[in-house]
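[1] My questions are about this predicted structure, shown below with the sequence.
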Amino acid sequence: MRILVVEDSHKIAGSIKKGLEQESYAVDIAYDGQVGFELAASEEYDLIILDLMLPIMDGLVVCQKLREQRIHTPILILTAKGQTRDKVTGLDIGADDYLTKPFAFEELLARVRALSRRPKETVPSTLTVGNLSLNTITHQVHRGEKLIQLSAKEYALLEYLLRHTQQALSKDQIIAHVWDYDADVLPNTVEVYIGYLRNKIDKPFPNQPGLIQTVRGFGYKVGVAD
C-alpha cells in the first residue's frame, strides 16, 4: 500500500513515515497543503493522512478540493484540533476518519488498517488465494501450514496482488502502489521482485499450482490458473 502523509512538522511526518515503512507501507511526505493536494491529485495513493493546520492550503481545503475532483482516496485527518465541531466539519466535507494529536502510533496503525479495508468493499484482515494466506495484522504469510518469510517489499508486493486477486496489474500500477514517489524504480525491478516471490511461494511447492502468473504483454496477477 502507498500512503501520502501531509504534515508540516518534519519530526511528526518523519516518525509516521518510519513507523509505517516498518509495517511494509510505501510512504510519501508533503510538508504543505498545496504540495499535498498536487500529489494526491496526480498520483495513486491507497490512503492519505492529512493534518489540518498546514501552510499555503489548510487541510480542510485540501480534503474539500480532492472530493470536488471526485478523488475518493480514504482520508485520515490527523490534527491537534480536537473539538467536536472540527471533527464534524472534517467528516462532513469528505474525510473518512479523524485522529487527535497526541496519539499512540498503534492506534494510528489500526485506523490505517481499517481504512485500507473499507474503500470499495469489505476486505477481511486475512487475504487468501488457493492455500496461500496473508494476515494484514500480523504480517504472517502461509502456504498451507508452512510459514513463509518475506522482506518488507516482498510483503507489500504480495499484499497488493492479493487485494486484486485474479486482476491483471501492469508494472506501472504495481510501482505506483508498492514503491514511494522518490524511489528509483524501473519496470525490471518489478520483474525482480516477482521472481523473489515465486522463489518463496511457488517453487518450493512443485506439486501445487503456481499462484503468481504472468499476463503476457501486460503485467502480473495472483490466482489459481483456470
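    Perfect, thanks for sending it. Numbering: from 1, shown residues only.
[2] Near residue 150, how many other residues are there?
    20 (other CB atoms under 10 Å). C-betas here are computed from N, CA, C, even on glycine.
[3] Which pLDDT value goes with it?
    Note on residue 150: pLDDT of 96.
[4] That one against residue 193, yeah?
    No. The pair residue 150 / residue 193 is not scored as a contact, 10.2 Å apart, by CB atoms under 8 Å.
[5] List the strands paired with whatever helix or strand residue 3 lives in, with their directions.
    Using DSSP states H and E, residue 3 sits in strand 2-6. Pairing partners of strand 2-6, with direction, according to DSSP bridges: strand 26-30 (parallel), strand 47-50 (parallel).
[6] Please identify the deepest-packed of the ones you listed.
    strand 47-50 (a mean of 28; mean count of other CB atoms under 10 Å).
[7] helices and strands around the following helix or strand past that strand, which ones?
    Next helix or strand after strand 47-50 toward the C-terminus (DSSP H and E): helix 59-68. Secondary-structure packing of helix 59-68 (3 or more CB pairs under 8 Å, 6 or more residues apart in numbering; DSSP states H and E): helix 33-42, strand 47-50, strand 75-79, helix 84-92.
[8] Would you mind giving the secondary structure of residue 139?
    coil (DSSP: H, G, I helix; E, B strand; the rest coil).
[9] how deep is it tucked in, by neighbour count?
    Neighbours of residue 139 (other CB under 10 Å): 13.
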